[in-house]
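Undergrad: any chance you could fold what I've pasted below:
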Amino acid sequence: MGWSLVVVSLIVLWIASLWKVLYSSSSTSFSKTSFLSDDRALSKRNVLLVVAHPDDESMFFSPTINYLISRGHNLYILCFSIGNADGVGNTRKQEFYQACAVLKVPLQQVKVLDHPDLQDGFGKVWDHELLAKIIEEEVSSHGIDMIITFDNYGVSGHCNHRDVHHGVCRLLHNVSKRSVEAWELTSTCILRKYSGPVDIWLSMLLPLRYADGMTHCLLNEHPRKSFHAMAEHSSQWIWFRKLFVSFSSYTYVNTLRKIKEEVKKS
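TA: This next block holds a predicted model:
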C-alpha cells in the first residue's frame, strides 16, 4: 500500500510537471526579471551558443534554443568537433545540421569544426587559448553580444565540455573591454538531472531567491521538438539516449547563470 501511494504520487507529479511545461508558454523565463529584459532586448540580440559535440545542442540546450528562436534573436551555434571518437564524424556532422534545422536555427548560422587539435574524446585536452581565439573570431564576425555555453562541470563532466567553458572564460579575460556577456548552463546533481519535468519546480524556485538577474530558468516551450531534433542524430539515437532525453531535466528546463565578472580575472 505504501509503495503504491508513492508510485501514484510520482506519476501525478510527473504529469503535473509536464502539463506546466506544455502550457506555460506565456511565461517561460522564471526569475524576478525576464531573461534578455534589458534595453537591448528591444532589438534582436546576436547570441553565440558554444558546444563541444554534435548532439550537445539537442541533449542539453534545446530549452534555451527554443526560447531564443521564438523571440526572434539571432542565434549562432559553434560546435568545436564533429564527434569523431567512434569514427563516424562525417555522419554526425550532417546529423548536427539536420537537428539544427528542426530547431529552426538558420543553417548559415551553424558552424562545425574539425580542427586537428580539437578532436572528440575523453582524455583529449583542448587548448583554452586556441578555443578563445576561435570564439573571438566568431564574436567579431557576427557582432556577437552574448555567449551561452557549459559551466565548469559541463553537465555530464565530459572534459571537452569543461574545456569549452574555460575557453569562453579565457575569451572574457582577453576581451574584457568589449561588451560581451556570457552565460553558463548550470549542472545539477544526478537526482535532479534524471527527474525529467519534475525538476522544473526547484529550477523555477532558485532564481527567485536572487534579485540581481544573474540566474534565469527557461522552460522548454516545445519539448516535442527536442525529441525530434535528437532523433535526427540517428547514429547516436540508441536506447539509452532515448531514455536520457525522456528522463533528463535538460529536455524540459535550462537554468542559465551569468559568468561573473571576477571569472575574467582568473
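
Undergrad: low-scoring stretches of the stretch 1-150 of the chain, by residue?
TA: Counting by pLDDT under 70, the stretch 1-150 of the chain has low-confidence residues at 1-2, 5-33, 37-42.

Undergrad: can you give me the helices for it?
TA: Residue ranges of the helices in the stretch 1-150 of the chain, as given by DSSP state H, counting those that start in this stretch, are 2-22, 56-59, 62-70, 89-102, 128-142.

Undergrad: quick one: the strands in the stretch 51-200 of the chain?
TA: Here the stretch 51-200 of the chain has its strands, by DSSP state E, counting those that start in this stretch, at 74-79, 110-112, 146-150, 181-185.

Undergrad: want to throw those strands into a markdown table with distance to Tyr194 and mean neighbour count?
TA: The C-beta positions use only the backbone N, C-alpha and C, and glycine is treated the same way. Formatted as a markdown table, those follow (distance: least, C-beta to C-beta, whole Å; neighbours: other C-beta atoms under 10 Å):
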| stretch | distance to Tyr194 | mean neighbour count |
| --- | --- | --- |
| strand 74-79 | 25 | 23 |
| strand 110-112 | 29 | 19 |
| strand 146-150 | 18 | 24 |
| strand 181-185 | 16 | 22 |
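
Undergrad: for Leu130, see how far away the nearest residue to Met230 once chain neighbours are set aside is.
TA: If you skip the residues right next to it in sequence, Met230 has Ser58 as its closest partner in space, 4.1 Å away by C-beta to C-beta, 6 or more residues apart in numbering. Here Ser58 is placed at a distance of 26 Å from Leu130 (C-beta to C-beta, to the nearest Å).

Undergrad: neighbour count winner among those two?
TA: Just comparing Ser58 and Leu130: by other C-beta atoms under 10 Å the higher neighbour count belongs to Ser58, 30 against 16.

Undergrad: so the more buried one touches Ala229, yeah?
TA: Yes. Taking C-beta atoms under 8 Å as the definition, Ser58 is a contact partner of Ala229 at 4.2 Å.

Undergrad: report the set of residues contacting both of those two.
TA: Residues touching both Ser58 and Ala229 comprise 99, 103, with contact defined as C-beta atoms under 8 Å, 6 or more residues apart in numbering.

Undergrad: quick check: Glu95 vs Glu181, distance?
TA: When C-beta to C-beta is the yardstick, Glu95 and Glu181 sit 31 Å from each other.

Undergrad: go on, Asn66?
TA: From Asn66 to Glu181 the distance is 20 Å (C-beta to C-beta).

Undergrad: do I have it right that Val245 meets Phe227?
TA: Yes. Using C-beta under 8 Å as the test, Val245 is close enough to Phe227 to be in contact (6.0 Å).

Undergrad: which one's more surrounded, these two?
TA: Val245 (21 against 17).

Undergrad: and the helix or strand where the more buried one lies, what does it pack against?
TA: Val245 belongs to helix 239-247 when assigned by DSSP states H and E. Packed against helix 239-247, as judged by 3 or more C-beta pairs under 8 Å, 6 or more residues apart in numbering; DSSP states H and E, are the following elements: helix 56-59, helix 223-231.

Undergrad: so for the last one, mean pLDDT?
TA: When the per-residue pLDDT values of helix 223-231 are averaged, the result is 94.

Undergrad: how far is that helix from where the chain is centred?
TA: Counting by C-alpha atoms, centre = their mean, to the nearest Å, helix 223-231 is centred 14 Å from the centre of its parent chain.

Undergrad: what angle sits between it and helix 62-70?
TA: Helix 223-231 and helix 62-70 meet at an angle of 110 degrees, taking axes from the mean of the first three to the mean of the last three C-alpha atoms, to 10 degrees as the criterion.
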